[in-house]
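**Student:** take this sequence and fold it.
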Amino acid sequence: MMRDALLALGMVLAAASQMRIAGLPLGPGEFCLALWIVLTMGGQVIGLERPTKAFWHVMSFWAFFTIAQCLGTIWSVFAGVELDRGLFLHDVVAY
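**Tutor:** Numbers count the residues shown, from 1 in each chain. Got it, this is the predicted structure:
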């Protein structure tokens, strides 16, 4: 029940970028979502619960995002484009 509230609050607050404190990479929405992921994964590692549908949706997004980041990085290395690591890290933290 608590994790469901964290997921809902995180989804609502993730779009409210004006609530971020200046200089911090994470806002309240991202913090709630990260806490939800940690609690959900912890319960599954311990073996207390089965994965939920929402968990699989989030993990499948991250899997595709990771593949896309890897392919983009490989492509830029072969194309000779200089990487801006700051923008790369920004994308990882933002999504």
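
**Student:** from here on, just use CA atoms for contacts and neighbour counts.
**Tutor:** Fine.

**Student:** where do the helices of this protein begin and end?
**Tutor:** Counting by DSSP state H, the chain has helices at residues 2-14, 28-46, 53-79, 85-94.

**Student:** these: which one's closest to R20?
**Tutor:** The minimum distance between R20 and the helices of the chain falls on helix 28-46, with 7.0 Å, by CA to CA.

**Student:** what comes up buried for that closest one?
**Tutor:** Within helix 28-46, the residues that count as buried by 16 or more other CA atoms under 10 Å are 28-37, 40-41.

**Student:** hmm, back to that, who wins for proximity to A22 among the helices of the chain?
**Tutor:** Go through those one by one with CA to CA and the one that ends up closest to A22 is helix 28-46, at 12.4 Å.

**Student:** other SSEs contacting the closest one?
**Tutor:** Contact analysis of helix 28-46 by 3 or more CA pairs under 8 Å, 6 or more residues apart in numbering; DSSP states H and E lists helix 2-14 as its packing neighbours.

**Student:** against which helices or strands is the helix it packs on packed?
**Tutor:** helix 28-46.

**Student:** now tell me what touches the helix it packs on from outside.
**Tutor:** With CA atoms under 8 Å, 6 or more residues apart in numbering as the test, helix 28-46 has contacts from 3, 6-7, 9-16, 19-20, 49-51, 55.

**Student:** can I get the CA coordinates of that helix in CSV?
**Tutor:** The C-alpha trace of helix 28-46 is given here as CSV (Å, rounded to 0.1, in the frame of the first residue of the first chain):
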residue,chain,number,x,y,z
PRO,A,28,10.8,15.0,-5.2
GLY,A,29,9.2,13.0,-8.0
GLU,A,30,12.4,11.3,-8.9
PHE,A,31,13.2,10.6,-5.3
CYS,A,32,9.8,8.9,-4.8
LEU,A,33,10.3,6.8,-7.9
ALA,A,34,13.8,5.8,-6.9
LEU,A,35,12.6,4.9,-3.4
TRP,A,36,9.8,2.8,-5.0
ILE,A,37,12.2,0.9,-7.2
VAL,A,38,14.6,0.2,-4.2
LEU,A,39,11.7,-1.0,-2.0
THR,A,40,10.2,-3.1,-4.7
MET,A,41,13.5,-4.7,-5.8
GLY,A,42,14.4,-5.3,-2.1
GLY,A,43,11.1,-7.2,-1.5
GLN,A,44,11.8,-9.3,-4.6
VAL,A,45,15.4,-10.1,-3.7
ILE,A,46,14.4,-11.1,-0.2
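
**Student:** done for today, thanks.
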